[in-house]
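Peer 1: Structure here, sequence nowhere to be found:
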């Protein structure tokens with residue numbers, strides 16, 4: 001099991017990452033929103049502690065992931081199972097904003113939490129690649145329950161495989177992760193696999209965040 005705690009600066013998040021997540025897609029919001037974004041980002045910078053953990057297994061777990069993901073994992077010699085999270089501190093911060101009734105910052109923080117979780121997962125991939133370089137291996141894209149035909153209920157099969165080491169993330173009865181700004185899933189590893197640009201043609205899930213980032217201006 002590999003675990004790591006990061007800082008906000010480790011994630012390399014830019015304001016434009018947040019603008020895209022908020023729906024601006026290449027444009028900037030008005031000045032008032034720009035100021036609010038700056039305040040929120042500077043606030044979390046001082047205390048944010050996102051975390052990731054992953055373990056490598058030789059056999060593919062008995063998940064029902066669907067044809068799209070199975071095809072992308074073809075040729076894997078091992079598999080990395082992972083959990084990445086913005087952290088309980090960030091979840092508490094979102095709750096404080098809601099209690100204060102500051103709906104603009106609630107919206108910004110919600111978008112920022114998604115960006116934090118995804119950038120944390122990006123850093124997890126960097127660490128994973130560094131650890132498999134000595135084997136001459138590459139890795140596939142990461143795939144998560146809830147996307148590309150892999151039902152979110154399969155979280156209930158994924159999480160027990162970590163034997164309690166899930167960076168403080170736990171599941172609700174409906175298979176949602178808490179803290180909610182978390183990412184989990186599987187990555188294929190091996191000499192013959194490769195990471196592709198996310199191609200929305202592979203998948204028909206209309207609410208995918210990757211698809212949202214590709215919407216026309």
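Peer 2: Received the coordinates, thanks. Keep in mind the model is a prediction, meaning the values are calculated, not measured.
Peer 1: how about low-confidence regions in this structure?
Peer 2: 198-217 (pLDDT under 70).
Peer 1: my read: residue 49 touches residue 9, true?
Peer 2: No - checked against CB atoms under 8 Å, the pair residue 49 and residue 9 is beyond contact range at 11.8 Å. For every residue, glycine as well, the C-beta is placed using N, CA and C.
Peer 1: who has more neighbours, these two?
Peer 2: residue 49 (14 against 9; other CB atoms under 10 Å).
Peer 1: where does that one fall, helix, sheet strand or coil?
Peer 2: What DSSP: H, G, I helix; E, B strand; the rest coil gives for residue 49 is coil.
Peer 1: can you give me the helices in the chain?
Peer 2: 8-11, 15-22, 31-45, 66-73, 88-100, 103-132, 155-158, 209-212 (DSSP state H).
Peer 1: Next one: residue 159 from residue 29, what distance?
Peer 2: Going from residue 159 to residue 29 by CB to CB, to the nearest Å gives 37 Å.
Peer 1: what does residue 139 give?
Peer 2: 35 Å.
Peer 1: more neighbours, these two?
Peer 2: residue 139 (20 against 17).
Peer 1: so how far is residue 66 from the more buried one?
Peer 2: The gap separating residue 139 from residue 66 is 20 Å, by CB to CB.
Peer 1: same deal with residue 86?
Peer 2: Applying CB to CB to residue 86 and residue 66 gives a distance of 27 Å.
Peer 1: correct me, but residue 48 touches residue 88?
Peer 2: No - taking CB under 8 Å as the definition, residue 48 is not a contact partner of residue 88, at 11.1 Å.
Peer 1: Could you check which of those two has the larger neighbour count?
Peer 2: Using other CB under 10 Å, the more surrounded residue of residue 48 and residue 88 is residue 48, with 23 against 15.
Peer 1: need the contact list for the closest residue to the more buried one other than its chain neighbours.
Peer 2: In this structure, residue 48 finds its nearest non-sequential neighbour in residue 8, 4.3 Å apart by CB to CB, 6 or more residues apart in numbering. Shown in contact with residue 8 (CB atoms under 8 Å, 6 or more residues apart in numbering): 41, 44-46, 48, 50, 116.
Peer 1: Would you mind giving these as TSV with distance to residue 73 added?
Peer 2: Output for the contacts of residue 8, formatted as TSV (distance: CB to CB, whole Å):
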residue	distance to residue 73
41	36
44	34
45	36
46	39
48	32
50	26
116	26
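Peer 1: Ignoring the adjacent residues along the chain, who's closest to residue 62?
Peer 2: Using CB to CB, 6+ apart, the nearest residue to residue 62 is residue 157, at 7.3 Å.
Peer 1: residue contacts, the one you found?
Peer 2: 61-63.
Peer 1: if I look at it, how far off is residue 140?
Peer 2: From residue 157 to residue 140 the distance is 19 Å (CB to CB).
Peer 1: Against residue 21, how distant is residue 114?
Peer 2: 6 Å.
Peer 1: ok so, going back, any residues in contact with both of residue 49 and residue 9?
Peer 2: Counting by CB under 8 Å, 6+ apart, nothing touches both residue 49 and residue 9.
Peer 1: which one of the contacts of residue 8 is nearest residue 164?
Peer 2: residue 50 (19.4 Å; CB to CB).
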